[in-house]
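**Q** Quick one: sequence plus predicted model below, questions after.
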Amino acid sequence: MAQMENDRLPDGYQKGTSFFHSNNDNENIHIFNGIREDFKLVSGKNIFPGSIFPQIMQKLMRELETTLNFSPDYTSASILYAVSVSMGNRIQLKVKNSWLEKSNLYMVLVGRTGDVKSHSVSFCLNPLMKLDKENFEQYIIKKKEFEQLPVEEKSKSTVPVLSQLLLNDFTPEAFVKAHYFNPRGIGLYTDEIAGFFNSFNQYRKGSEEESYLSAWSGKPIIKNRISGDEMRVDNTKVDIIGTMQEGILSSVFQSNKMKNGFIDRLLFVLPHKYVDNKWNDLDLDEKYIEWYSEFISKIYNLAENSETVLEFQPDAKEYLYRWQNSQKHDFDFEYQRGVSVKLQQYVLRFSILIEVIHSVCNDQKLKNISLKTLKSAIKLRDYFFENAVRVFEIIDNTYYDSLTEIQKNVFDKLPQHFKTGEGIEIISKEDSMKIRSFKNFLKDEKLFKKIAHGIYEKQVF
């Protein structure tokens with residue numbers, strides 16, 4: 001593979017330089033990052049810590065925002081996911097002799113309709129999708145060759161299996177089968193992830209959700225098939241990513257998925273400010289696309305060529321324990337404690353990813369995890385913790401909170417029991433809602449219970 005030399009990087013951005021283009025680059029970067037942290041404290045807005053990435057990666061994300069309206073939050077999360085899938089279980093972190101950590105990520109990109117969430121994911125996964133396409137074409141050729149073999153030769157030959165990194169349409173059995181034949185790991189990608197969650201336990205109550213809980217922890221997964229062919233995956237490595245509209249968070253997660261800790265394992269990506277999806281005539285330079293494709297390929301090849309077990313450098317390990325021991329243990333809400341505990345484990349996973357990203361971007365040999373990398377992982381942890389709090393606040397909102405101000409005003413003015421005519425008289429006095437809209441409003445069974453023809457009772461919130 002060609003090296004990522006200076007002449008192949010985008011114009012005006014040479015390797016080792018920042019995008020401030022001044023004589024005091026390092027000083028400007030420190031000042032800029034300080035301003036960002038101060039702004040975060042003053043505004044209370046949860047800004048993705050882009051400084052965890054190398055400068056060239058930050059530049060790519062800025063260009064994607066300018067040309068394609070990709071939110072930096074969505075792009076950053078999708079890159080982390082793509083890197084994790086590329087590594088599989090081939091690069092791990094030894095925390096202790098009996099504790100090996102992999103980089104499993106379970107991510108949900110939350111936003112509004114039209115926020116190009118899916119486009120951000122697709123761009124970042126495109127190099128892996130191309131690799132899967134090449135593997136599929138080779139599989140079809142080998143399969144045809146195998147099918148044409150004489151019966152005697154077939155019995156002596158190995159049946160071809162499909163090598164793949166990503167799955168986007170699968171049943172529980174298909175997921176385990178894919179991982180069984182792809183022991184380095186599998187990435188699950190579903191555009192509208194709400195359907196994925198809602199399908200839990202569709203096949204056998206409790207089994208599917210438990211499988212994904214085990215996979216997050218890297219525990220073995222065993223499937224006993226009806227055909228009698230049992231499948232067991234020991235070195236489990238599963239990454240999940242998908243998109244979801246903010247408005248359906250409550251309906252999706254107000255169920256058992258709140259009770260067994262599954263939601264605590266999810267990394268929610270909610271931009272503090274949505275990027276306006278306004279079309280423009282700007283286009284992303286092909287050099288960025290080429291660079292990113294080579295970046296992902298280098299990580300894949302790095303993992304494919306040899307298994308690597310990283311460790312923390314001594315100062316980083318000391319800092320890790322001091323940081324973890326100082327974490328808050330008493331919270332106002334139980335969900336905060338659950339999220340905090342899981343994110344402590346995610347700090348280890350983030351450390352693997354960040355170390356690999358910097359190593360590949362700088363064309364350096366992969367080393368043990370530095371203190372700088374660990375501190376970046378903790379910044380990422382803080383970002384996801386704040387997002388988790390926001391998500392739980394959204395989920396905890398009542399149905400009443402989801403109403404428009406006009407609907408709330410009308411609902412509040414209505415007596416506990418009323419006739420349709422009385423309601424129309426109330427809205428007509430204040431001209432607060434059209435009669436036709438009011439009659440449709442009364443059909444909402446979450447707000448009103450129909451006692452008899454033309455007589456309603458308000459539901460209590």
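**A** Okay, I see it. Numbering: from 1, shown residues only.

**Q** how many neighbours does residue 357 have?
**A** Here the number of neighbours of residue 357 (other C-beta atoms under 10 Å) works out to 21. The C-beta positions use only the backbone N, C-alpha and C, and glycine is treated the same way.

**Q** what sits against the residue nearest to it when sequence neighbours are not counted?
**A** The shortest distance from residue 357 to any residue that is not its chain neighbour, by C-beta to C-beta, 6 or more residues apart in numbering, is 6.1 Å, and that residue is residue 83. By C-beta atoms under 8 Å, 6 or more residues apart in numbering, the residues touching residue 83 are 103, 296, 299, 353, 356, 357.

**Q** Show me the two of the residues you listed that sit farthest apart.
**A** Looking at these by C-beta to C-beta, the two members farthest from one another are 103 and 296, with 14.5 Å of separation.

**Q** if we can go back for a sec, TSV please, covering the contacts of residue 83 and showing pLDDT, distance to residue 79 and secondary structure.
**A** Listed next are the contacts of residue 83 as TSV, based on pLDDT from 0 to 100; distance: C-beta to C-beta, whole Å; DSSP: H, G, I helix; E, B strand; the rest coil:
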residue	pLDDT	distance to residue 79	secondary structure
103	97	13	coil
296	98	9	helix
299	97	11	helix
353	98	9	helix
356	98	12	helix
357	98	8	helix
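
**Q** between these, which is nearest residue 114?
**A** Here the nearest of the contacts of residue 83 to residue 114, counting by C-beta to C-beta, is residue 296; it sits at 27.0 Å.

**Q** quick one: the closest one and residue 87 touch, right?
**A** No. Counting by C-beta atoms under 8 Å, residue 87 is not a contact partner of residue 296; they are 10.4 Å apart.

**Q** just to revisit the earlier point, can you check the contacts of residue 83 and name whichever has the most neighbours?
**A** For these, the largest neighbour count, defined by other C-beta under 10 Å, is 27 neighbours, found at residue 103.

**Q** I'd like the distance between that one and residue 348.
**A** Between residue 103 and residue 348 the distance is 9 Å, computed by C-beta to C-beta, to the nearest Å.

**Q** Now do the SS call for residue 85.
**A** Under the three-state scheme (DSSP: H, G, I helix; E, B strand; the rest coil), the conformation of residue 85 reads as helix.

**Q** Identify the residue nearest it in space, chain neighbours excluded?
**A** With C-beta to C-beta, 6+ apart as the measure, residue 187 is the residue that lies nearest to residue 85, at 3.7 Å, once sequence neighbours are left out.

**Q** Quick one: residues contacting the one you found.
**A** Under the criterion of C-beta under 8 Å, 6+ apart, the neighbours of residue 187 are 81, 84, 85, 125, 128, 165, 166, 167, 238, 239, 240, 241.

**Q** Show me the beta-bridge partners of it.
**A** The partner list for residue 187 in beta bridges (DSSP bridges) reads residue 166, residue 239.

**Q** same question, residue 419
**A** Note on residue 419: beta-bridge partners residue 455, judged by DSSP bridges.

**Q** Quick one: low-confidence residue ranges for the stretch 151-300 of the chain.
**A** Under the criterion of pLDDT under 70, the regions of the stretch 151-300 of the chain flagged as low confidence span 201-207, 225-228, 255-260.

**Q** just checking, residue 93 touches residue 309?
**A** Yes. In terms of C-beta under 8 Å, residue 93 counts as a neighbour of residue 309; the distance is 7.4 Å.

**Q** Now list whatever residues contact both of those two.
**A** Common neighbours of residue 93 and residue 309 (C-beta under 8 Å, 6+ apart) are residue 100.

**Q** who has more neighbours, these two?
**A** Higher neighbour count among residue 93 and residue 309: residue 93, with 21 against 11, using other C-beta under 10 Å.

**Q** Please tell me how far the closest residue in space to that one that isn't next to it in sequence sits from residue 89.
**A** Ranked by C-beta to C-beta, 6+ apart and with sequence neighbours excluded, the top spatial neighbour of residue 93 is residue 101, at 4.5 Å. Here the distance between residue 101 and residue 89 works out to 11 Å (C-beta to C-beta).

**Q** picking that back up, residues in contact with the residue nearest to residue 93?
**A** 92, 93, 94, 95, 218, 345, 348, 349, 352.
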